[in-house]
Structure formats: structure tokens, C-alpha cells
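> Structure of the sequence below:
(chains A and B)
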Number of protein chains: 2
Amino acid sequence: MITLPICTTDTPLYKQIYEWVKAEIQAKNYRPHDKLPSKRKLSEHLCVSINTIDAAYSQLMDEGYIMAVPKKGYFVCEIDEYHNISIVEHDTTQRAQEGKSKVVVDFSPSDIDHTSFPYKIWRNLFKSCFDEADSSILKRTVSQGDMNLRKELVTFLHSSRGVNCDEKQIVIGAGTENSLRTLSLVLSKNTSIALENPVYRKAYQTFSHMGRKILPIPIDDKGIEVEPLQGLSHVAVYVTPSHQFPLGISMPIGRRVELLNFANRAEGRYIIEDDYDSEFRYIRKPIPSLQSIDKNGKVIYIGTFSTSIAPSIRISYMVLPINLLNDYYKIYSEFGSEVSILEQRLVAEFIAEGYYEKHLNKMRKLYKDKRGHLLKELAVFGDNIKVIGESAGNHILIKLLTLNNENDMCQAAAKNGVRVYPISNYLIGPRLEKYQNTFLLGYAALSKEEISKGVHLLGTAWNLAVSSI
Amino acid sequence: MITLPICTTDTPLYKQIYEWVKAEIQAKNYRPHDKLPSKRKLSEHLCVSINTIDAAYSQLMDEGYIMAVPKKGYFVCEIDEYHNISIVEHDTTQRAQEGKSKVVVDFSPSDIDHTSFPYKIWRNLFKSCFDEADSSILKRTVSQGDMNLRKELVTFLHSSRGVNCDEKQIVIGAGTENSLRTLSLVLSKNTSIALENPVYRKAYQTFSHMGRKILPIPIDDKGIEVEPLQGLSHVAVYVTPSHQFPLGISMPIGRRVELLNFANRAEGRYIIEDDYDSEFRYIRKPIPSLQSIDKNGKVIYIGTFSTSIAPSIRISYMVLPINLLNDYYKIYSEFGSEVSILEQRLVAEFIAEGYYEKHLNKMRKLYKDKRGHLLKELAVFGDNIKVIGESAGNHILIKLLTLNNENDMCQAAAKNGVRVYPISNYLIGPRLEKYQNTFLLGYAALSKEEISKGVHLLGTAWNLAVSSI
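Numbers count the residues shown, from 1 in each chain, chains lettered A, B, ... in the order given. Below you'll find the predicted structure:
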């Protein structure tokens, strides 16, 4: 019979008995088909109530350790011996941690200014959005996302980017990559993806991961070349026309129409317009979007709040042409939105109350100022560098006109505490001569002092010129 | 020369000139290679400053309508004629809208109680999380998600579900389907997915959409059968052992070990444990997770906050075995998290401050009460029905023992204002006789009065018995 050391700990009695019997079974002291003492016997033996034994046995039955055979009693179940195998532990070194070398100034092209965020407005919006009176804040929405946000976007995108759509065409995503993944599922299986080369890396990776055939297309001074696309039948062309990433080119109207006409000339051709950085154009007014020119349902328009509000806001939006909606519903009609409902509501209110417009104006002014400061500081390098792509977005490019090895230049900069981003990082395939020694300099997250310091450190690292700070 | 009607509206002068020239080019009044008037000439003609003309011309150049030829002047660019094609507008009927027939009581298995949400705590957490002092709330995190939340989960999952892991194994996702999609990218291309049949539909759909080969496996009274799996080499077996969806079975320890041993016997075999509904077990204590028994890195553990906090909280978590981490990093190392950082922080604080535990206890009690009430009400049906799967989760099942056509039964219920969910909806492939006339009844979102009313309406609809309300 059981010799269970009943303890006076907080653990309930039934649990102690359960644990003990389980351990005995696992240790093979009780074997399959062995009979356990009856509940009555055990209760007498342990001087506990029969209910306690009942609770222990019931739990053991629930978990499948023992079974009750009517009129016969409780028996141990047959349980396979658990086979342990020796695991070869793979190398689990975490991805390279940021900041291994001591970075003083990081010209990251994907960061934003963190000092001007309207925290107070955001807190007030939360207070009004998250209210007992409206339990819809606890419910999922349809896969396309919150209706309030979609309605706000219809109006906002029309006024700011000329986008023509209604709310049923809008699909809210959890960031650009998430939207591209969704699109990848919606586009017919035989559709290849043509990408600008150099390209926004995560777009390239996302489409590759989703098993899409990738066609890298060269870029000239007007943006993606249309000539190499001719002859392709089922293809979606991913472009960043407002401020090509990484080259910073704004696609002129001629190329825009050429691209749209390419799509118009055959079925199954689409343009994916990632309108990245369109909010931040510093010289004159923004260039209208491709979607605003399109009359034939050929443009899939994508945008995000990650640079215009904050990178932590995981909300992007995709405007699908009407002729792709059925394909979207086929995949997504039973799914709910993957984007935080709360955050969708906050952003919807942020736009509706006019805060977004004000915030954009403020940030545009701030970034223009920083950009001007960077350009002014870079002037000391004179003819040693050429500045490119400075009309929009949150980064510019500099091309070094001296003949040096690009890797050496990056390393020299890093050694001096400055991180710059060579275009080679964004190329699909071999490094091209014409993009050698061209570096992205993002300035959005940096203060003017940091910008000055960064340029000074670059100058000494690259032996270009030394401004006095 | 231009005869531009200069207006006195709010539109800046330069913009009026720009718009006019653009319209003339589009209307072919200016043709490609035509020369435009010089800036000086036009400024004199229109009596505006030369700077105004300069701004207009610059914008036209930016957009690619005109170009400057040094020492010659401004010329109209060549722009393709935009080809309009006639679109066949596809049928865009939105997915079937909820609530077409008048639903009085919806026994939805996926809804939760909305009356007990701790709104005030949530508002206070927001206030403390969203603070000027900590700009990290504006930044993206690594793809695996917020470190605070991952650390909280390590502790919480260990104490509540016996899960053994550290924070580098945890990947935060935007809901279960999002996590399954991530997993689908991480598992080697030749891995098939074995699914319980009947199955959680969205898991089935997600894996299908991701192009995975699907193997539907029958279920017996212990859960998924292991015998049909034998012989499969590269396979991940998706199971819901705590409370099989939809059948409500809790997998006994014997089957758990059998399943783990199947995985142990060959490389490339994994178990995907969706621990759905494990929080809500009403009879005795929860059954330990498969992950807690696994010693060989064979179990991928998945959970979600959508039933335990709210469906609008788009946060799931996946615990990867160490030997899959490298494959994960290969895909995701350059990506950021797609889950709202703010919401991750809120949930992390909610757990850390002990609110989550309290909330779970409260909800468990509430649901247990509702479940008891439903079972009591169903008792009037006597031997006409059999109740299944009542030990856990937020739904039970009833099997009608009368011989009726299932579709007719659903329609009769709907006509009477009650929505029930037949198991056939969750079957892959043909309807099986043994699952005929078995319906899910979710009760979490319903009040006791609604439950009583729902059962009463079902009784009259199905001619079973009429209780008096």
C-alpha cells in the first residue's frame, strides 16, 4: 500500500496524492494494468476524506494515467515509454547585435525624430477610445481592418495623394512587409514580381520568402526602366516612385505614364506603388501618385505610418484595384484583422481630429531644417562628393568621387564612430560599378549637433576635409 | 503666348501657372519638344515675379513635364499617351455580412465575455507605458517582439503550463494565424502539415495558403490518431491537446507520449501544440502541455491572448525549439516585429503587475458559472442529446440523437433566431457519419438569460422539449 508522506504545505491534499501516484507510475513502480487501491481503502489508509481521493483519481483519469473499469476498480493505463534522443544543439548565436562597435552617429535611413511625438494627444485619444461604453474596442474586425480608419484614409489619401478609392478597397496591414505578404497571397500564383534594383531589401526578401519569382530590373535617372519589362505577361512591378529607395529618385510623369501603359497593354500586369516617403517632400509640392493617374485598375497602392507617425505603430494600408477584390476575399473572408484594433482606432482619431495633418507639417519643417543643415555641412567636402536624391524623404545619398574601396570606406567610418549605408547593400545580384562608393545618409533621428559631428567624423575618417566644430 | 486667367483665390500664383501649363501639355496644346516661353518673358507677360515662374517651372521639371536645355530654354518632354482600357468590373459583393437573418442568440465558439474587461486598469497602464521619458515606445523591436513581454511569458508559461524555454525562443505574433504563417516560412520546404480532422479551420486555411501539403488525420476518443502518421518523414503535426477544436477532447497522457515518441523516432518531425483554451479548464487542474514533457526539441508551442484577454488584442506567442532558431533567424533577422509595440508593452505590464492572473481567475469563475447554467438548461432535452467536451474551453458540443438532416436543423435553429455551429464546418473532406448532427455551443459572450433563451429557442426549433422561461 501507498506510503505517502502527507505534508502540511499549502499544496492541497488531493494534489499531493495525485502527484505521488503520477510519480509512481512514471517511475514504473506501478506498471500498466496494475490495479490501484480502491478510493475507500486509500481514504482510510491515508486518513483523508474520500472526496480528496476522488479528486486525485479524477485528475489522473483526466490526464490519462489511470482508468476506471466499472465494478472492477482503477487500473494503470498503458503509456509508451518516452524516448529521449540526444539533440545536436545547433549554433544559436543571436543575430548580430546593434552597436557592437561604438557608434556615435548613426545615419540610419529608417529612423525618425523621437523628440517631437505628441505624447499627450496620444494619451488623451486613448482615454476617449478605450471606454466601457463601447465594447467594440474588444472585438476583432474583418480582415480589412477597422472601418473608421479605412474611411479616414479614403479622404486623407485623396486629398494628399490624389488616390481614388472607397473603403472597401482598403486593406489595413501590420506594416509594409505584412501588406506585401498579403498581396503575395492575393496575386495569382503565376505572377512574377519585378523589382527595382537597387531595391528596398525587405520587399525583396518578403516576395522571395513567399516563393515568388523575382525579376530585378535596372534603374536609370528616371527610375525603373520599362524596356526590360516588355514581353513579360503575368508580372507585378514593385516601385517606390515618390522617392526611390535607396536612390532617392522621384519618378517623372513621363516614366509614370510609360509604366502604366506597360501595365495597360496586357492582362495580369500590375504596378505595386509603395508610396514610401511621399509625406516628406521639401522642394515644392508633392508629385501625384501613380494610383491617381491610373484609370484601369492596374495600381496597387501601399503606404505606412511608420515614418510619418512612429516605427512602433504597426499600421500600413493597401488600396486594391476593384478587380482584385474577389481574389482578396477568396483568401481572407474568414480571417480577422491582424492589426491591433486599439492602434487602428487611435490612428483613425489622430487623422479625424486633424492632428495627423498638423504633425506632418511640423515634421516636414523639422526634417527640412535637418536636411538643410546636413547639406550645408556636407558642402565642406566640395567636389569630393556628389549629393543625390535630396528632394524628398528622410535620407540623401552621397557619392564619393575619389577612387576607394567601398568596404574600406565603411570600416573607416565605423572605426571613427559613424555608420553609413552603402547602396551595394540594396543591390540584387552583383555590385555595379556605377553604384560604387555611394552611401545613404539618413538624418531624421539626428539632432543638428549630431549631424555636424557625423559629417566631421566622416571627413576625418575619409580624409576629405576637416571642418572645425 | 499664354493667356492665363490669374485668379485671386487662395491658390498660390506659382501653382496656378504650373496647373495651367500642365493642363496645356496634357491637352496637347503644347506638344513634345515645343519650346516654352522663357522665365523672364513669361514673368513680364503675366506681371508676376520671376521667382513665381521659377517655382512653377521647377515643379513641372520635377514631375517630368518639361526639361531645361542649357542655353536653349525650356522644352516639353515626350510623354506616352496614356492608354485607357475598358475594365470588366468583377463581382465585388462583400463577404456575407453577419446578421442577415435575425440572430437573437449566437452560440459562437470564438467570442468572449465583454462585460468584465478591466478598462480602468488598461487606461492606467497606458498612461504609465506611453511616457515622454521612454522613447523606446516609438521604436520598432526585433522581429521576435518586445523583450519585456517575452520575459514575462517565460515565467508565466512555466508556472501555468510547465513550458520550459527562455526568451530567445519566444516569437511574438499578431494572432495565431500570423504565428502559423511565420512558422510556415521557418519549417523546411519539404515539411508537410498533418492536421486533426475535424480541425480549427483557420489553421487549415493558413497552411494551405502558404502552399503546404496538408494531411488530414482522423481523431478518436483520445485525440489525433498516431497510427496514420507512421511512415511520414518530414511532417509537422498540428494539434490542440488542451481542448481539441472543435471536438473538445483533452488528450490523455498516453496519447501525448505516443505523439511525442512518433516525433522522436525520426528527424524532421515536429508537433505544433496550439494550446488554445488551456486557460479555461473547469474540472480539476489543467493538464500539462506537450511542450513540458518534450525533452528533444520536438514541440513548437503556440498560445494567444485573444480569448484570455480580448479578441481585439492581436498578440500570440510561439515557443520555438532551439534547433529551429537558426532557421527562424535566416528568414527574420532583418525584419522588425509586426505586432503593435504599445500593445505588447500593455500586455507585459498586465502580466507583470499580476492583473492577468487575477483576470483569468475571474473569467474562469464566470465561464464556469455560464457553462454550468448551459448544462443545467440542456438537461431538459434528456436523452435526446449527448453533451461532449465540457471539461474545458469556451464551448461544449451537443450531439442530437434523433435522426434528422443536419442542414435542416441549422436552418430551423436560425429561423428561430439561434445560431449553432455544426462540426461538419470543420471537417476536411467528406462529412463523416459519426459527426452528423453535432453542434458547437459557445457560451462565453452570452448572459445567463441569453443562454436560457437560446436553449429554449433551440428546443422549440428542434421539437425537443419546451422548458418554461
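> Phi, psi for A:Glu167 please.
Main-chain dihedrals, A:Glu167, degrees, to the nearest 10: phi -70, psi -20.
> contacting residues around it?
A:Met147, A:Arg150, A:Lys151, A:Leu153, A:Val154 (CB atoms under 8 Å, 6 or more residues apart in numbering or on different chains). (Glycine included, C-beta is placed from N, CA and C.)
> How far does stretch A:103-122 stretch from one end to the other?
Taking CA to CA, to the nearest Å, the first and last residues of stretch A:103-122 lie 32 Å apart.
> thinking again about what came up before, keep only those of the contacts of A:Glu167 that are in helices.
Judged by DSSP state H, helices contain the following of the contacts of A:Glu167: A:Met147, A:Arg150, A:Lys151, A:Leu153, A:Val154.
> What pLDDT is listed against the closest residue to the third one other than its chain neighbours?
The reference is to A:Lys151. Distances taken as CB to CB, 6 or more residues apart in numbering or on different chains place A:Glu167 nearest to A:Lys151, at 5.3 Å, with adjacent residues excluded. Each residue has a pLDDT score; the one for A:Glu167 is 95.
> What of A:Ile85?
Here, the pLDDT recorded for A:Ile85 equals 60.
> PyMOL command to pick out the buried ones of the contacts of A:Glu167?
Those of the contacts of A:Glu167 that count as buried under 16 or more other CB atoms under 10 Å in any protein chain shown are selected in PyMOL with:
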select buried, chain A and resi 150+151+153+154
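> Enumerate the residues of the stretch 101-250 of chain A near chain B.
For the stretch 101-250 of chain A, the contact set with chain B under CB under 8 Å from any CB of the partner chain comprises A:112, A:114-115, A:117, A:119, A:122-123, A:126-127, A:130-132, A:135, A:137-142, A:168, A:174-175, A:177-178, A:181, A:185, A:201-202, A:205, A:209, A:211, A:222, A:250.
> Please list the members of those that lie in helices.
A:119, A:122-123, A:126-127, A:177-178, A:181, A:185, A:201-202, A:205, A:209.
> Next, count neighbours for A:Thr191.
Using other CB atoms under 10 Å in any protein chain shown, A:Thr191 has 18 other residues around it.
> quick one on the thing from earlier: in a markdown table: the ones in helices among the residues of the stretch 101-250 of chain A next to chain B, plus distance to B:Gln244.
Shown next, in a markdown table, are these (distance: CB to CB, whole Å):
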| residue | distance to B:Gln244 |
| --- | --- |
| A:Tyr119 | 46 |
| A:Trp122 | 42 |
| A:Arg123 | 43 |
| A:Phe126 | 38 |
| A:Lys127 | 41 |
| A:Glu177 | 33 |
| A:Asn178 | 30 |
| A:Arg181 | 29 |
| A:Leu185 | 28 |
| A:Arg201 | 42 |
| A:Lys202 | 38 |
| A:Gln205 | 36 |
| A:His209 | 31 |
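> Please tabulate these in a markdown table and include neighbour count, pLDDT and distance to A:Tyr30 as additional columns.
Below are these laid out as a markdown table (neighbours: other CB atoms under 10 Å in any protein chain shown; pLDDT from 0 to 100; distance: CB to CB, whole Å):
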| residue | neighbour count | pLDDT | distance to A:Tyr30 |
| --- | --- | --- | --- |
| A:Tyr119 | 16 | 92 | 62 |
| A:Trp122 | 20 | 92 | 60 |
| A:Arg123 | 16 | 91 | 60 |
| A:Phe126 | 23 | 91 | 56 |
| A:Lys127 | 12 | 88 | 59 |
| A:Glu177 | 23 | 95 | 54 |
| A:Asn178 | 24 | 96 | 52 |
| A:Arg181 | 22 | 96 | 51 |
| A:Leu185 | 18 | 96 | 52 |
| A:Arg201 | 16 | 92 | 59 |
| A:Lys202 | 17 | 94 | 56 |
| A:Gln205 | 17 | 95 | 54 |
| A:His209 | 18 | 94 | 50 |
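> And the residues you listed, which is closest to B:Asp294?
Among these, A:His209 lies closest to B:Asp294 (CB to CB), at 27.5 Å.
> check contacts around the nearest residue to that closest one once chain neighbours are set aside.
Setting aside the residues directly before and after it, A:His209 is nearest to B:Leu185 in space (CB to CB, 6+ apart), at 5.4 Å. Contact analysis of B:Leu185 by CB under 8 Å, 6+ apart lists A:His209, B:Met210, B:Ile331.
> where does the residue lying closest to A:Lys298 once chain neighbours are set aside fall, phi/psi-wise?
Here the nearest residue to A:Lys298 in space, its sequence neighbours aside, is A:Ala263; by CB to CB, 6+ apart that works out to 4.0 Å. Dihedral angles phi and psi of A:Ala263 (degrees, to the nearest 10) take the values phi -70, psi -40.
> Run a quick check on A:Ala263 versus A:Glu273, I expect a contact.
No. Contact criterion CB atoms under 8 Å: A:Ala263 and A:Glu273 do not qualify, at 10.9 Å.
> what residues are shared contacts of those two?
Joint contacts of A:Ala263 and A:Glu273 (CB under 8 Å, 6+ apart) are A:Val299.
> Compare these two (neighbour count), which wins?
A:Glu273 (30 against 25).
> Can you tell me who the more buried one pairs with across the strands?
A:Val239, A:Tyr301 (DSSP bridges).
> Closest one to chain B out of the contacts of A:Glu167, please.
Nearest to chain B, judged by CB to the nearest CB, of the contacts of A:Glu167 is A:Met147 at 11.9 Å.
> wait, isn't the closest one in contact with A:Thr141?
Yes. The pair A:Met147 / A:Thr141 is scored as a contact, 7.3 Å apart, by CB under 8 Å.
> can you give me the strands in the stretch 1-150 of chain A?
Per DSSP state E, counting those that start in this stretch, the stretch 1-150 of chain A has strands spanning A:66-69, A:73-76, A:105-106. These are given in chain order.
> Give me the residues contacting the second one.
The reference is to strand A:73-76. A:25, A:30-36, A:38-39, A:57, A:65-69.
> Show the overlap between those and what lies near chain B.
Counting by CB under 8 Å from any CB, the members of the contacts of strand A:73-76 near chain B are A:Tyr65.
> Tell me which residues touch the residue nearest the centre of chain A, please.
In chain A, the centroid-proximal residue (CA atoms, centre = their mean) is A:Gly175; its distance is 4.7 Å. Residues in contact with A:Gly175 (CB under 8 Å, 6+ apart) are A:Thr304, A:Ser306, A:Arg314, A:Ile315, A:Ser316, B:Gly336, B:Glu338.
> measure the residue nearest to the fourth one when sequence neighbours are not counted to chain B for me?
Among residues not flanking A:Ile315 along the chain, A:Phe305 sits closest, at 5.0 Å (CB to CB, 6+ apart). Noted for A:Phe305: a distance of 11 Å to chain B, by CB to the nearest CB, to the nearest Å.
> Give me the pLDDT for A:Phe305.
95.
> So it sits against A:Val339, correct?
No. Using CB under 8 Å, A:Phe305 makes no contact with A:Val339, being 10.9 Å away.
> between the two, what contacts are shared?
A:Ile315.
> got the angle for the helix of greatest length in chain A vs helix A:119-129?
As assigned by DSSP H, the longest helix anywhere in chain A is helix A:355-378. Comparing the axes of helix A:355-378 and helix A:119-129 via axes from the mean of the first three to the mean of the last three CA atoms, to 10 degrees yields an angle of 160 degrees.
> For the nearest residue to A:Ile331 once chain neighbours are set aside, give its distance to A:Leu153.
Nearest residue to A:Ile331, sequence neighbours excluded (CB to CB, 6+ apart): A:Leu185, at 5.2 Å. Computed as CB to CB, to the nearest Å, the A:Leu185 to A:Leu153 distance reads 21 Å.
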